[in-house]
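Student: for reference, the sequence and a predicted model appear below.
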Amino acid sequence: MMSGFDDEPAAWGADPSPPAGDLLKDALRKEELLRDIAASQQDLHTILARVQTIQKEVDKLTSENETLQMYIDNLTVQMAKRR
């Protein structure tokens with residue numbers, strides 16, 4: 001005859017304790033996730049640094065192009081005055 005004692009914690013809504021193997025698996029999974037997150041953060045920092053370097057190069061080239069355009073414009077005006 002079954003007394004139902006084995007089912008009581010579930011019947012009362014209490015979660016049965018997970019087996020120790022599950023706790024170990026969960027801990028290892030969490031540790032792996034934390035390592036993955038840390039590695040991803042490092043990758044993002046590396047990418048951000050590269051983006052900032054490239055942005056500085058773009059700004060420098062833009063400034064140089066503006067200077068060259070002013071030089072070309074001045075030469076064009078001087079050539080037009082000579083005609």
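Tutor: It's in. Numbers count the residues shown, from 1 in each chain.
Student: by mean pLDDT, flag the weakest helix or strand of the protein.
Tutor: Sorting the helices and strands of the chain by mean pLDDT, DSSP states H and E puts helix 8-11 at the bottom, at a mean of 55.
Student: for the protein, what's the longest helix?
Tutor: When the chain is parsed with DSSP state H, its longest helix is helix 20-82.
Student: ok, residue 28 to residue 39 distance?
Tutor: Counting by C-beta to C-beta, to the nearest Å, the gap from residue 28 to residue 39 is 16 Å. The way it works is simple: take the backbone N, C-alpha and C, and place the C-beta from them, glycine included.
Student: cool, and residue 50?
Tutor: In terms of C-beta to C-beta, residue 50 sits 17 Å off from residue 39.
Student: just for the chain, where's the confidence low?
Tutor: Along the chain, segments meeting pLDDT under 70 span 1-18.
Student: try it again with 80
Tutor: 1-21, 83 (pLDDT under 80).
Student: next, name the residue at the spatial heart of it.
Tutor: residue 44 (4.3 Å; C-alpha atoms, centre = their mean).
Student: can you pull the contacts of it?
Tutor: Listed by C-beta atoms under 8 Å, 6 or more residues apart in numbering, the contact set of residue 44 is empty.
Student: what about it, distance to residue 51?
Tutor: 10 Å.
Student: check residue 61 too.
Tutor: 15 Å.
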